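Visitor: Would you be able to build a 3D model of this:
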Amino acid sequence: MDLVINYWKGSPECNHVYKSGDRVLLSPYVINYLLEIDPYHRPVDEDGQEVPGPPFNVKLAAQKFKLYIKENLLAANLIMLPYWNLNHFTLYTMNKYRESLDIHDSWRYTGRNLSRNRFHGERVEIMSMMSLLMKEVYGEAGYNSSRQPRWEHLADRCSYAKMPEQGVNECGFYMLKAAYLYDGTKLVEEVKKRDPHSAYWKAECLFYVLFHPSNEVRRDQWPREMADIAKLLQA
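Guide: All right, here's what the predicted structure looks like:
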């Protein structure tokens, strides 16, 4: 996922959406590792009961932020945060246009032993930590002068944006579509329920990953069918 997002930001076909700085798409790394929201490694006691983790180390998170994130979040009106939780990708958008936290989630919760609000139960904590992190990175005065809303309050009454239902194992592709097409009010192109074009989305993402400069697997190590595809693309 990081490779696809990174490719978009450098690609002339895609980066026009992000290059103005008004819309910033960050990595899943931000919520899951920078903010230390990790559903898979929660601390437990000797009886296996969940216990509170250590307090959020905002200074360490700010140091990591400065190493990996070059965009100016205070100048953005849409800050997009992919969230990986329970093997499912969703998109959190800090929307200054509407002063709302918008959540794109392609799951349907009917018949699941889990409600949508429960699945997103950490949204207030996430936004609270994002506010603390931005204040630490940019300074309290800079943060306040950018007229940021009270994100943790907005998270408590978040907006679940209209999002078509995904097919099997397609959450990441729907999340990426929302990150590319959402203008703060709506998706600017139609995305369908269990969209038949999803096969093309998958092929497109595979292409980005295979031919990304960060892919360390040499082409002579690719399986034969992949090598054949590469030859066709280079012809």
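
Visitor: quick one: contacts for residue 122?
Guide: Residue 122 is in contact with residue 37, counting by CB atoms under 8 Å, 6 or more residues apart in numbering. C-betas here are computed from N, CA, C, even on glycine.

Visitor: how far away is it from residue 198?
Guide: Using CB to CB, to the nearest Å, residue 122 is found at 28 Å from residue 198.

Visitor: now do residue 35
Guide: Separation of residue 35 from residue 198 (CB to CB): 30 Å.

Visitor: neighbour-wise, which of those two wins?
Guide: Shown here are residue 35 and residue 198; by other CB atoms under 10 Å, residue 35 has more neighbours (23 against 19).

Visitor: correct me, but that one touches residue 133?
Guide: Yes: counting by CB atoms under 8 Å, residue 133 is a contact partner of residue 35 at 7.2 Å.

Visitor: in what helix or strand does the residue nearest in space to the middle of the chain lie?
Guide: Nearest residue to the geometric centre of the chain (CA atoms, centre = their mean): residue 82, 1.3 Å. Assigned by DSSP states H and E, residue 82 belongs to strand 78-85.

Visitor: what packs against that strand?
Guide: Counting contacts by 3 or more CB pairs under 8 Å, 6 or more residues apart in numbering; DSSP states H and E, strand 78-85 packs against strand 23-25, strand 88-95, helix 123-138, helix 171-181.

Visitor: what's the closest of the ones you listed to residue 114?
Guide: strand 88-95 (10.3 Å; CB to CB).

Visitor: And the next helix or strand past the closest one?
Guide: Next along the chain after strand 88-95, taking DSSP H and E as the criterion, comes strand 100-104.

Visitor: for the record, mean pLDDT for that following strand?
Guide: Averaged across strand 100-104, pLDDT comes to 98.

Visitor: Return every residue with contacts to both of residue 35 and residue 133.
Guide: Common neighbours of residue 35 and residue 133 (CB under 8 Å, 6+ apart) are residue 61.

Visitor: What distance do you get for the nearest residue to residue 78 once chain neighbours are set aside to residue 56?
Guide: Distances taken as CB to CB, 6 or more residues apart in numbering place residue 23 nearest to residue 78, at 4.3 Å, with adjacent residues excluded. The spacing between residue 23 and residue 56, counted by CB to CB, is 26 Å.

Visitor: between these two, which one's more packed in?
Guide: Set side by side, residue 23 and residue 56 show more neighbours around residue 23, with 20 against 16, by other CB under 10 Å.

Visitor: what's the burial count for residue 133?
Guide: For residue 133, the count of nearby residues is 21 (other CB under 10 Å).

Visitor: Might one say that residue 128 is in contact with residue 150?
Guide: No: taking contacts as CB under 8 Å, residue 128 lies outside contact range of residue 150: 9.7 Å.

Visitor: who has more neighbours, the two?
Guide: Remark: of residue 128 and residue 150, residue 128 carries more neighbours, 18 against 12, as counted by other CB under 10 Å.

Visitor: Make TSV from the helices and strands packed on strand 78-85 and add distance to residue 117 and mean pLDDT to it.
Guide: Converted to TSV, these look like this (distance: least, CB to CB, whole Å; pLDDT from 0 to 100):
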stretch	distance to residue 117	mean pLDDT
strand 23-25	25	94
strand 88-95	13	96
helix 123-138	9	96
helix 171-181	18	93
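
Visitor: Need the ones you listed in TSV (columns: distance to residue 102).
Guide: As requested, the helices and strands packed on strand 78-85 are exported to TSV (distance: least, CB to CB, whole Å):
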stretch	distance to residue 102
strand 23-25	12
strand 88-95	4
helix 123-138	11
helix 171-181	9
